[in-house]
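Engineer: one predicted model, sequence on top.
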Amino acid sequence: MNIYTVNYILSRLSFAMAAVLVIPLVLAVVGDEPSREAFTLSVLVSAFLGVGFRRYGKPSEELTAREGIAITAFGWFTGTFLGMLPYLLGNYLGFLDALFESISGFTGTGATVFSSLGTLPYSILFWRMMTAWIGGLGIIVIFIALLPQSGASTIYMYSAEGAGPTMDRVMPRLRDMTMALFKIYLIFTAVTTGVFMLCGVDFAIAITHAMSTIGTCGFSTYDDSTMHFHSLAFEMWTALFMFLAGGSFSLYYRAWIKGPAVILRNTEFRTYLSLILVAMLLIALNLIIEMGLDSGAAARATVFQVTSLSTTGFVSADFETWPTFSKLLLLLLMTIGGCAGSTASGIKVARIILLVRNARAVILQKLNPNRVIDISLSGAHVDSAMLLRVGTFFFLYFAIIFVTAFLLTMDGLLPFDAIAVAVTTLGNIGPAFGIVSATSTYAPLSDFAKTILCATMLLGRLEIFTLLILLRPSFWRKTKRW
């Protein structure tokens, strides 16, 4: 592995982070907020780190798969470290809590350790939302789009960041594709901001919630999340944009070029829509029958929370009080997540489709061993290597949930609470049940639990393999060929 190439690209990432931190710094200076010193120091530290990486870095014409994985993993480590500095240097949070908040933002988890947001300056709140927005599309994807590196070799960085079981290339050149995705991302954010303003929300609050919505994070500027607005229109529009953010941005680009019919012909999107609608119907009926809610209240709460907990993590109702059946359905949605190529995490709908079709193929071949069954997704053939990776990912996903939950129970959490926390952090959702329910934060958890969950959030966002590869000794051997 060429460590000089890795350092060179990390230096550019550090300089990019310094430039991004200037935005909340300007807000802090204009608003004469006490956070301006923290942001000033954060910008300087980011720039200084960039200089340090550049000193021991050197550009290269080609990147290997190993370098792409290293750049992606260490790029996320660097980004989350620099992202925590405003919280730490401003004395808003301690080291571990600041790191937890930063990782939660960049991974789109939306799990917060702030006990109250009301005392925080707007610049800090804005920075929280910026981390969600940057991490939603992906630090590396945005980096490739705006700061292109060595041509086609950046595909290793793109694939290492992970967005699902398929590499959906809508354009032959990677930079053109990432730039197109970035533009779609900007358009979605701008439209969401405009719609929120039409719902009666001022621009400063509208843009922060738009960034959190499209980044599928669930951070809010208020302790009571979207319940604060008491607005049916705001909740329904937020639900729509959360649903759209859980779809594939590559698919939206195709729809822009070829027409909206492309979306409805996509197998994954149709399945995603069907899962959401069926879950809404079942949970609404459960709330009406078990809790005695009227149909309007049940529909309002269900539409919002089903779309939120399958992608984002905003809260409009205390779902901790809902019947067990509804909570288990929500837990299932947290596990599945959104579509491949979306800003949502989870197993992804595409993988669920492939697992079901592969299981069907195995059953049919048991009945007729000579039968050849082709497995496809949206008309594209899926080979055995891809199916093996999907099955491996599925196993590892639940293995990590089990290990995380086991460690959390060792720390004193109840079994169901531990499983819910493991599912929601690995799926990058945020709120769960019990100790971290809709009306709670992650602040009461121990340092041990927060450390475990920091790793779990990163594993979920980078889709497991990128970080696990770093644990293999062969990855670090100079003589090992990749």
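Structural biologist: Thanks, I have it.

Engineer: surely F433 meets K327?
Structural biologist: Yes: F433 is within contact range of K327, at 6.1 Å (criterion: C-beta atoms under 8 Å). Yep, even glycine has a C-beta here, placed from its N, CA and C like the rest.

Engineer: so between those two, which is more surrounded?
Structural biologist: More crowded of F433 and K327, by other C-beta atoms under 10 Å: F433, with 23 against 20.

Engineer: list the residues that contact I214.
Structural biologist: Counting by C-beta atoms under 8 Å, 6 or more residues apart in numbering, I214 touches 133, 136, 185, 188-189, 192, 241, 245, 343.

Engineer: I meant F325, not that one.
Structural biologist: The neighbours of F325, taking C-beta under 8 Å, 6+ apart as the test, are 282-283, 286, 290.

Engineer: which of those residues are buried? Put it as a ChimeraX command.
Structural biologist: Buried members of the contacts of F325, defined by 16 or more other C-beta atoms under 10 Å, are picked up in ChimeraX with:
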select :283,286
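
Engineer: re the thing from before, let me have the contacts of I214 in JSON lines, extended by secondary structure and neighbour count.
Structural biologist: Supplementary listing: the contacts of I214 in JSON lines, determined by DSSP: H, G, I helix; E, B strand; the rest coil; neighbours: other C-beta atoms under 10 Å:
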{"residue": "W133", "secondary structure": "helix", "neighbour count": "27"}
{"residue": "G136", "secondary structure": "helix", "neighbour count": "30"}
{"residue": "Y185", "secondary structure": "helix", "neighbour count": "23"}
{"residue": "F188", "secondary structure": "helix", "neighbour count": "20"}
{"residue": "T189", "secondary structure": "helix", "neighbour count": "21"}
{"residue": "T192", "secondary structure": "helix", "neighbour count": "25"}
{"residue": "F241", "secondary structure": "helix", "neighbour count": "24"}
{"residue": "A245", "secondary structure": "helix", "neighbour count": "27"}
{"residue": "T343", "secondary structure": "coil", "neighbour count": "30"}
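
Engineer: same list (the residues you listed) but as CSV, adding distance to S474 and pLDDT.
Structural biologist: Putting these into CSV (distance: C-beta to C-beta, whole Å; pLDDT from 0 to 100) gives the following:
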residue, distance to S474, pLDDT
W133, 36, 92
G136, 33, 84
Y185, 36, 90
F188, 41, 94
T189, 41, 95
T192, 45, 96
F241, 44, 95
A245, 38, 92
T343, 33, 84
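
Engineer: tell me the one of those nearest S212?
Structural biologist: For the contacts of I214, the residue nearest S212 by C-beta to C-beta is W133; the value is 7.4 Å.

Engineer: shared neighbours of F433 and K327, which are they?
Structural biologist: What both F433 and K327 touch, as defined by C-beta under 8 Å, 6+ apart, is the set 319-320.

Engineer: what about T193, how many neighbours?
Structural biologist: Counted by other C-beta under 10 Å, the residues lying close to T193 total 21.

Engineer: check whether the residue positioned nearest the centre of the chain sits in a helix, strand or coil.
Structural biologist: Central residue of the chain (C-alpha atoms, centre = their mean): G108, 3.7 Å from the mean position. Following DSSP: H, G, I helix; E, B strand; the rest coil, the label given to G108 is coil.

Engineer: for it, what are its contacts?
Structural biologist: So G108 contacts 132, 135-136, 215-218, 312, 343-345, 428, 461 (C-beta under 8 Å, 6+ apart).

Engineer: kindly recompute the last result at 6 Å.
Structural biologist: 132, 135-136, 215-217, 428 (C-beta atoms under 6 Å, 6 or more residues apart in numbering).

Engineer: tally of neighbours for the nearest residue to C454 once chain neighbours are set aside?
Structural biologist: Spatial nearest neighbour of C454, excluding adjacent residues (C-beta to C-beta, 6 or more residues apart in numbering): I103 at 5.1 Å. Counted by other C-beta under 10 Å, the residues lying close to I103 total 29.

Engineer: I103 and L82 touch, don't they?
Structural biologist: No: taking contacts as C-beta atoms under 6 Å, I103 lies outside contact range of L82: 12.0 Å.

Engineer: which of the contacts of G108 sits closest to P59?
Structural biologist: Ranked by distance to P59 (C-beta to C-beta), these are led by G135 at 25.8 Å.

Engineer: and the pLDDT for the closest one?
Structural biologist: As predicted, G135 sits at a pLDDT of 87.

Engineer: related to what we said a few turns ago, check the gap between the residue nearest to C454 and R54 for me.
Structural biologist: Here the criterion is C-beta to C-beta, to the nearest Å. By it, I103 lies 25 Å from R54.

Engineer: likewise for S295?
Structural biologist: In terms of C-beta to C-beta, S295 sits 61 Å off from R54.

Engineer: looking at the two, which is more packed in?
Structural biologist: Legend: neighbour count by other C-beta under 10 Å for S295 and R54, higher for R54 (16 against 11).

Engineer: next, the buried residues of stretch 355-362.
Structural biologist: Those would be 355, 357-358, 361, for stretch 355-362 by 16+ other C-beta under 10 Å.

Engineer: how about whichever strand or helix holds L467, which residues are buried there?
Structural biologist: L467 belongs to helix 465-469 when elements are defined using DSSP states H and E. For helix 465-469, a neighbour-count test (16+ other C-beta under 10 Å) marks 465-467, 469 as buried.

Engineer: same question for stretch 253-272.
Structural biologist: Residues 253-255, 262-263, 266-269, 271-272 are the ones in stretch 253-272 that count as buried (16+ other C-beta under 10 Å).

Engineer: and if you look at stretch 441-459?
Structural biologist: 441-442, 445, 449-450, 452-454, 456-459.

Engineer: and what of stretch 331-343?
Structural biologist: For stretch 331-343, a neighbour-count test (16+ other C-beta under 10 Å) marks 331, 333-343 as buried.
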